[in-house]
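> Sequence below, structure please.
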Amino acid sequence: MFGILQMIAVFLMPILCIVFVLNTVSLALKIKKGKENIAGNTTCITITFTLIMYSLVSLMIS
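Numbering: from 1, shown residues only. Here you go, the predicted structure:
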């Protein structure tokens, strides 16, 4: 039986990866332009990266 993180890994992984890449590019552009407001992008990148890694590990363990 699939757990919640395994369902995220199977069905939402492409969406999480797209969000991660787009936020990473947006953060890089903000840093390049010297903007100070990068907390939102950093938070979103951290959350999506954590979900991606944790769901991949849960798939490998089960």
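
> CA only for contacts and neighbour counts going forward, please
Will do.

> For the helix ranked longest in the chain, which helices and strands make contact with it?
When every helix of the chain is counted residue by residue (DSSP state H), the longest turns out to be helix 39-61. Contact here means 3 or more Cα pairs under 8 Å, 6 or more residues apart in numbering; DSSP states H and E; on that basis helix 39-61 packs against helix 4-7, helix 13-33.

> Would you single out the least confident of these?
When these are compared on mean pLDDT, helix 4-7 scores lowest, with a mean of 72.

> helices and strands around it, which ones?
Applying 3+ Cα pairs under 8 Å, 6+ apart, we find helix 4-7 packed against helix 39-61.

> Need the mean per-residue confidence for the helix it packs on.
Averaged across helix 39-61, pLDDT comes to 89.

> Centre of the chain to it, how far?
What separates the centre of helix 39-61 from the centre of its chain is 5 Å, taken as Cα atoms, centre = their mean, to the nearest Å.

> What angle do helix 13-33 and that helix make with each other?
Relative orientation of helix 39-61 with respect to helix 13-33: 150 degrees, computed using axes from the mean of the first three to the mean of the last three Cα atoms, to 10 degrees.

> then helix 39-61 to PDB, C-alphas only?
C-alpha atoms of helix 39-61 as PDB (Å, rounded to 0.1, in the frame of the first residue of the first chain):
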ATOM      1  CA  ALA A  39      13.400  34.800   1.300                       C
ATOM      2  CA  GLY A  40      10.300  33.500  -0.500                       C
ATOM      3  CA  ASN A  41      12.300  31.800  -3.200                       C
ATOM      4  CA  THR A  42      14.700  30.300  -0.800                       C
ATOM      5  CA  THR A  43      11.900  28.900   1.400                       C
ATOM      6  CA  CYS A  44      10.100  27.400  -1.600                       C
ATOM      7  CA  ILE A  45      13.300  25.800  -2.900                       C
ATOM      8  CA  THR A  46      14.100  24.300   0.500                       C
ATOM      9  CA  ILE A  47      10.600  22.800   0.900                       C
ATOM     10  CA  THR A  48      10.500  21.400  -2.600                       C
ATOM     11  CA  PHE A  49      14.000  20.000  -2.400                       C
ATOM     12  CA  THR A  50      13.100  18.300   1.000                       C
ATOM     13  CA  LEU A  51       9.900  16.800  -0.500                       C
ATOM     14  CA  ILE A  52      11.800  15.500  -3.500                       C
ATOM     15  CA  MET A  53      14.600  13.900  -1.500                       C
ATOM     16  CA  TYR A  54      12.400  12.500   1.200                       C
ATOM     17  CA  SER A  55       9.900  11.000  -1.300                       C
ATOM     18  CA  LEU A  56      12.800   9.400  -3.300                       C
ATOM     19  CA  VAL A  57      14.200   7.900  -0.200                       C
ATOM     20  CA  SER A  58      10.800   6.500   0.900                       C
ATOM     21  CA  LEU A  59      10.500   4.800  -2.500                       C
ATOM     22  CA  MET A  60      13.900   3.300  -2.200                       C
ATOM     23  CA  ILE A  61      13.300   2.000   1.400                       C
END
